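A.B. asks: predicted structure and sequence below. I'll ask about it afterward.
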Amino acid sequence: MNQTILITGASSGIGQATALYFAKNGWNVVATMRKFDKHSGLQNCQNVLVLKLDMEEPETFPSIIEESIERFGKIDVLLNNAGYGQHGLFEATTPEQIQKQFSVNLFGTMEITRAILPHFRARQSGTIITITSGVGRVTTPLVSVYAASKFALEGFFESLSFELASQNVLVKIIEPGSINTNFEQTTKRHFAKDDSLTTYRSYIKHTDIVFNEIYSGGSSSAIDVAKTIYEAATDRTNQLRYVVGEDLKTFLKIRNHNEDKDYMSTLRNIFAEK
């Protein structure tokens, strides 16, 4: 029997690329998404089941998992990919925006994970893979709320990996750096602004310049991430973290090979107005 992966947020970007990559490699794929009008390329694959899933509707998760099992017999891998980036000044970010960021990125991911655990425990087998972000370990300016949701995911799944090892269930974390998808366009639409916060204007302009310099070295592609996810799903090791992108690897070296004061001094120097 072919293996089956259930993917959240499969309408575009990393999720869609991963769905197509696994399908081409002979896997059954459950491609879930909030809006059905964006699943181009997936509906033509015989081994792909497209289902509606909204991360803010956890009451629907058990039935989605049941339908997936009825179609393919079992689920071998859950890929927690759905999420978005709430960027912007913290002072300009409303409580409603903060709640939604955590509802989608953290709480929804927790609940879909909870929903699939009985199936994995019954089979004493399964793999949970979660897309976090480079800012889940190395933060930058203007992403405080988004980074908080990703830091939380990192801590949650690291802890969960110890529990689930007793059930023969593997936990994996994928940490992408800068990825060439529509993610940045989406974050710009959600960017928190408040025109009354005039004292930040020069700093925001400065950080835009810094980010452009950082990203000018090139980004990884969604297919690069999909290939790493495939590796994590098939290597059968207990490796927890997989890093995608040379830009992120550079920052992680600064964090991992220096004392905290030196790491913070380096990052502050990069982003401070000269």
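C.D. replies: Cool, got the structure. All values derive from a computational prediction rather than experimental measurement.
A.B. asks: what residues sit buried inside the biggest helix by length in the chain?
C.D. replies: Across the chain, the longest stretch assigned as helix under DSSP state H is helix 144-165. By 16 or more other CB atoms under 10 Å, the buried positions in helix 144-165 come out as 144-154, 156-157, 160-161, 164. For the C-beta atoms, the positions are set from N, CA and C on the backbone; glycine is no exception.
A.B. asks: pLDDT of that helix, averaged?
C.D. replies: Taken as a whole, helix 144-165 carries a mean pLDDT of 98.
A.B. asks: can you name the element that comes right after the helix or strand harbouring residue 99?
C.D. replies: Residue 99 belongs to helix 95-102 when assigned by DSSP states H and E. Counting by DSSP H and E, the element after helix 95-102 in chain order, helix or strand, is helix 108-123.
A.B. asks: what's the angle from the helix or strand just after that following helix to helix 108-123?
C.D. replies: Using DSSP H and E, the helix or strand that follows helix 108-123 in sequence is strand 126-131. Per axes from the mean of the first three to the mean of the last three CA atoms, to 10 degrees, the angle that strand 126-131 makes with helix 108-123 is 160 degrees.
A.B. asks: any residues touching strand 126-131, and which ones?
C.D. replies: The contact list for strand 126-131 (CB atoms under 8 Å, 6 or more residues apart in numbering) reads 14, 75-81, 83, 109, 113, 116, 119-120, 153, 157, 160, 164, 168-174, 176, 225, 229, 232-233.
A.B. asks: show the buried residues in the residues you listed.
C.D. replies: 14, 75-81, 83, 109, 113, 116, 119-120, 153, 157, 160, 164, 169-174, 176, 225, 229, 232-233.
A.B. asks: longest strand in the chain, please.
C.D. replies: Secondary structure assigned by DSSP state E gives strand 169-176 as the longest strand of the chain.
A.B. asks: name the strands paired with the next helix or strand after that strand and say parallel or antiparallel.
C.D. replies: As assigned by DSSP H and E, the chain's next helix or strand after strand 169-176 is strand 179-180. According to DSSP bridges, strand 179-180 has the following sheet partners: strand 220-221 (parallel).
A.B. asks: quick one: list the elements packing against the next helix or strand after the partner strand.
C.D. replies: For strand 220-221, the following helix or strand on the C-terminal side (DSSP H and E) is helix 222-234. On a contact count with 3 or more CB pairs under 8 Å, 6 or more residues apart in numbering; DSSP states H and E, helix 222-234 meets helix 13-24, strand 77-80, strand 126-131, strand 169-176, strand 179-180, strand 241-244.
A.B. asks: can you redo these as TSV with distance to residue 219?
C.D. replies: As requested, the helices and strands packed on helix 222-234 are arranged in TSV below (distance: least, CB to CB, whole Å):
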stretch	distance to residue 219
helix 13-24	12
strand 77-80	21
strand 126-131	15
strand 169-176	9
strand 179-180	4
strand 241-244	10
